[in-house]
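S.K.: For reference, the sequence and a predicted model appear below.
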Amino acid sequence: MTVHGVIRSANFMDPTPQLQFTTLQLLTEGGYFDATVDGADAGELEGLVDAEVELTGVASEKFDGKMQVTGILITSNPPPESRS
């Protein structure tokens, strides 16, 4: 799936040396989406905050503790491309 939107936030996550990713919050015409970009350089993505981007990845549902759907998560390997 490919989404077009504006990056509202970018946070680098480093739970283990083998697992590094950046979480993004995207604002699109349809609302907010969360995305994770595997192995992405946090500095590069933080520079894209407030930029209009195109992100391609795999969509999945997010669930709460009661297994109720709470949103959409997009997982991507390549970093988003700026559309400006």
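M.R.: Sure, I can see it.
S.K.: so where is this protein shaky, pLDDT-wise?
M.R.: 15-17, 40-43, 78-79, 81-84 (pLDDT under 70).
S.K.: can you list the residues that contact the longest strand along it?
M.R.: Across the chain, the strand with the greatest residue count (assigned by DSSP state E) is strand 2-16. The contact list for strand 2-16 (C-beta atoms under 8 Å, 6 or more residues apart in numbering) reads 20-29, 32-33, 40, 42, 45-46, 48-56, 74, 80, 83. For the C-beta atoms, the positions are set from N, CA and C on the backbone; glycine is no exception.
S.K.: List buried residues within those residues.
M.R.: Among these, those scoring as buried are 21-26, 33, 40, 42, 45, 48, 53, 55, 74, 80 (criterion: 16 or more other C-beta atoms under 10 Å).
S.K.: So which of the residues you listed sit within strands?
M.R.: Those of the buried ones among the contacts of strand 2-16 mapping onto strands are 21-26, 33, 53, 55, 74, per DSSP E.
S.K.: I'd like to know how many residues surround residue 1.
M.R.: Other residues lying near residue 1 total 11 when counted by other C-beta atoms under 10 Å.
S.K.: right, I mislabeled it, should have said residue 12
M.R.: 15.
S.K.: Quickly list what it is bridged to.
M.R.: For residue 12, the beta-bridge partners are residue 22 (DSSP bridges).
S.K.: Same question for residue 69.
M.R.: Bridge pairing for residue 69 - DSSP bridges - gives residue 63.
S.K.: got the angle between the longest strand of the chain and strand 52-56?
M.R.: Inter-element angle recorded for strand 2-16 and strand 52-56: 80 degrees (by axes from the mean of the first three to the mean of the last three C-alpha atoms, to 10 degrees).
S.K.: Sounds good, over and out.
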